[in-house]
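Enquirer: no sequence on hand, only this structure:
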Ligand code: GDP
């Protein structure tokens, strides 16, 4: 006689041990995708991450994010991020600022931070189904693009870097910002005895020059060293007390001299700041989005666009394994998808979104081709992570103009009118040229109205889910396409 097999219920401690064990197995099987988010100061990193996470968690409208459009995203929530040495991206604080009445833009990225989003999904892939993989950890790593530019320093001696930096400071458009520092350096000689007060004063003047150049260029400036512009936790650190001096690029400064002191500190900066960043953070990324404020650069003129192009080349060299032998040895896993996104596309009518994309494409093209050849798939998009405007057609006599409507931030001015931060305004942003080369050509008049490029609009107000469970929608432009490109294949 056979009895049905009955498994007795487990006593509570054994049950919780089993639950914990199955949790460990599930966690061990959960893949982790590390997504880097970077871009120069004010490119839109903080807004991008906040809007992205908010759309994932609150089930925003993401029709071109395939996994969501197919109804396969079952859940998304935040979990403690795994790296204790990196500060957490302060998502809740940024959301709170965007949820104020009236809403404000959150504070910008100043250092590296991280946030883990866990996505529960229904896999379509047979292997994932068989293995029971139905969760994905997405670790979003936010860091200043200025830090990537420092990669170039690893291949330069102090003398070589000094020569480049001095030449950059002499360029007519930088000369004014650099005036105080240049005057100070002209009184110095690399053979003078090393002196701490000279080091501190010179570094302070050099930092002030870089800051002034960045402000003048609306954040586009990407002069090295990156930590002088974006020190993160190193603000005030002795690692940042050096500056370039006039000396022959191949000369070895005499021991005890100011030149030797500066060269030693430059090398310390490389080994204690630059290399650790690439080793500990950059080398662990799987995917990367580089946000670019193309509209800001267009407003500043062709020279700023030239600088932006140079900065992008600097950024791309970090994704071009082989270009820097030290880095290529380090990269055991490599970024296999790289997305360049022109941000704040909501400053334009949709008729110009493709054109904005084409301008960024042209800017990144030469360098992108090299990165593609090295194995990374590179894509370019125009996006607005958090759309602050809507579109409307406005009649002007017989003509109908495609306009954008938004609330300019208090104090913003257009044609001499100053806004109070409450009143909506319809603006005709003009068209970007159909041929992107035209936008980059200094000799040609530009068509887009400066009003739309310069003005800061109030963000759309975001609220957390209320009693009804409904959170305010977070409108965007092509954020879903960006998301699909960056993580979609890991959710198949
Ligand atoms: P970060 O320095 O890269 O972190 O830049 P932020 O994310 O702080 O963005 C800088 C500023 O750009 C914000 O304060 C906004 O004024 C603007 N901005 C960023 N994203 C958007 C967007 O999607 N639409 C609009 N209209 N403005 C944006």
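Expert: Looks like it arrived, so ask away. Given the structure is predicted, the values throughout are model-derived calculations rather than measurements.
Enquirer: give me the mean pLDDT for the helix or strand hosting residue 127.
Expert: Taking DSSP states H and E as the definition, residue 127 sits inside helix 126-131. For helix 126-131, the mean per-residue pLDDT is 88.
Enquirer: also stretch 270-283?
Expert: 93.
Enquirer: ok now that stretch, how far from the chain's centre?
Expert: 18 Å (Cα atoms, centre = their mean, to the nearest Å).
Enquirer: could you give the separation between the terminal residues of that stretch?
Expert: End-to-end distance for stretch 270-283, by Cα to Cα, to the nearest Å: 16 Å.
Enquirer: so who does the nearest residue to residue 267 once chain neighbours are set aside touch?
Expert: Leaving aside its sequence neighbours, residue 267 sits nearest to residue 158 (Cβ to Cβ, 6 or more residues apart in numbering; 7.1 Å). C-beta here means a position set from N, CA and C on the backbone, and glycine is covered the same way. Contact partners of residue 158, counting by Cβ atoms under 8 Å, 6 or more residues apart in numbering, are 259, 262-263, 266-267.
Enquirer: hmm, the helix or strand just after the helix holding residue 127 in reach of the ligand?
Expert: Toward the C-terminal end, the helix or strand that comes next after helix 126-131 (DSSP H and E) is strand 135-142. No. Using Cβ under 6 Å from any ligand atom, strand 135-142 stays clear of the ligand, coming no nearer than 7.5 Å.
Enquirer: what about stretch 341-359 and the ligand, touching?
Expert: Yes. Stretch 341-359 lies within reach of the ligand by Cβ under 6 Å from any ligand atom, at 343-344, 346-347.
Enquirer: endpoints of stretch 215-223, how far apart?
Expert: 12 Å.
Enquirer: wait, stretch 141-149
Expert: Stretch 141-149 end-to-end distance (Cα to Cα) = 17 Å.
Enquirer: neighbours around the residue lying closest to residue 268 once chain neighbours are set aside, how many?
Expert: Computed as Cβ to Cβ, 6+ apart, the closest residue to residue 268 that is not its neighbour in sequence is residue 239, at 6.1 Å. Look at residue 239: counted by other Cβ atoms under 10 Å, it has 16 neighbours.
Enquirer: about what we covered before: could you flag which of the contacts of residue 158 are buried?
Expert: When the contacts of residue 158 are checked for burial by 16 or more other Cβ atoms under 10 Å, the buried set is 259, 262-263, 266.
Enquirer: just put the residues you listed in TSV and tack on pLDDT, secondary structure and distance to residue 165.
Expert: Shown next, in TSV, are those (pLDDT from 0 to 100; DSSP: H, G, I helix; E, B strand; the rest coil; distance: Cβ to Cβ, whole Å):
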residue	pLDDT	secondary structure	distance to residue 165
259	96	helix	14
262	96	helix	11
263	96	helix	13
266	97	helix	11
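Enquirer: any low-confidence regions in the stretch 251-400 of the chain?
Expert: Applying pLDDT under 70 to the stretch 251-400 of the chain flags the ranges 321-326, 329-333, 366-375.
Enquirer: returning to what we had before: just checking, the residue nearest to residue 268 touches residue 269?
Expert: Yes. Counting by Cβ atoms under 8 Å, residue 239 does reach residue 269; the two are 5.6 Å apart.
Enquirer: shared neighbours of those two, anything?
Expert: residue 227.
Enquirer: contact partners for the residue nearest to residue 480 when sequence neighbours are not counted?
Expert: Among residues not flanking residue 480 along the chain, residue 62 sits closest, at 3.7 Å (Cβ to Cβ, 6+ apart). The neighbourhood of residue 62, defined by Cβ under 8 Å, 6+ apart, consists of 55, 68-69, 479-480, 483.
Enquirer: what do you get for residue 38?
Expert: Here residue 38 is in contact with 45, 142-145, 148, 288-291, 315 (Cβ under 8 Å, 6+ apart).
Enquirer: nearest to residue 110, of those residues?
Expert: residue 144 (7.3 Å; Cβ to Cβ).
Enquirer: so the closest one versus residue 284, what's the distance?
Expert: To residue 284, residue 144 is 17 Å away according to Cβ to Cβ, to the nearest Å.
Enquirer: comparing the two, which shows the higher neighbour count?
Expert: residue 144 (24 against 16).
Enquirer: what residues does that one make contact with?
Expert: Each residue near residue 144 by Cβ under 8 Å, 6+ apart is listed here: 38, 40-41, 109-112, 226, 229-230, 232.
Enquirer: need the residues of the chain near the ligand, please.
Expert: Counting by Cβ under 6 Å from any ligand atom, the chain comes close to the ligand at 39, 41-47, 105, 108-109, 343-344, 346-347, 384-386, 388, 456-457.
Enquirer: look up the closest residue to the one residue sitting closest to the centre of the chain, ignoring the ones flanking it.
Expert: Of all residues in the chain, the one closest to the mean position by Cα atoms, centre = their mean is residue 38, 2.3 Å from it. Leaving aside its sequence neighbours, residue 38 sits nearest to residue 145 (Cβ to Cβ, 6+ apart; 4.5 Å).
Enquirer: what's around that neighbour, how many residues?
Expert: Neighbour tally, residue 145, other Cβ under 10 Å: 26.
Enquirer: that one reaches residue 229, doesn't it?
Expert: No. Look at residue 145 against residue 229 with Cβ under 8 Å: they stay out of range, at 10.0 Å.
Enquirer: all strands for the stretch 351-492 of the chain, in order.
Expert: For the stretch 351-492 of the chain, strands defined by DSSP state E, counting those that start in this stretch occupy the ranges 377-382, 390-396, 399-406, 413-414, 417-418, 425-427.
Enquirer: state whether residue 152 is indeed within a helix.
Expert: Yes. Using DSSP: H, G, I helix; E, B strand; the rest coil, the assignment for residue 152 is a helix.
Enquirer: circling back: which one of the contacts of residue 158 sits closest to the ligand?
Expert: Set against the ligand, the nearest of these by Cβ to the nearest ligand atom is residue 266 (26.8 Å).
Enquirer: contact partners for that closest one?
Expert: 153, 158, 161, 242.
Enquirer: let's go with 10 Å and repeat that
Expert: By Cβ atoms under 10 Å, 6 or more residues apart in numbering, the contact set of residue 266 is 153, 156-159, 161-162, 225, 242-244.
Enquirer: ok, of the residues you listed, which one's closest to the ligand?
Expert: Set against the ligand, the nearest of the contacts of residue 266 by Cβ to the nearest ligand atom is residue 225 (18.4 Å).
Enquirer: doesn't residue 151 make contact with the closest one?
Expert: No. Residue 225 is beyond contact range of residue 151, at 11.2 Å (criterion: Cβ atoms under 10 Å).
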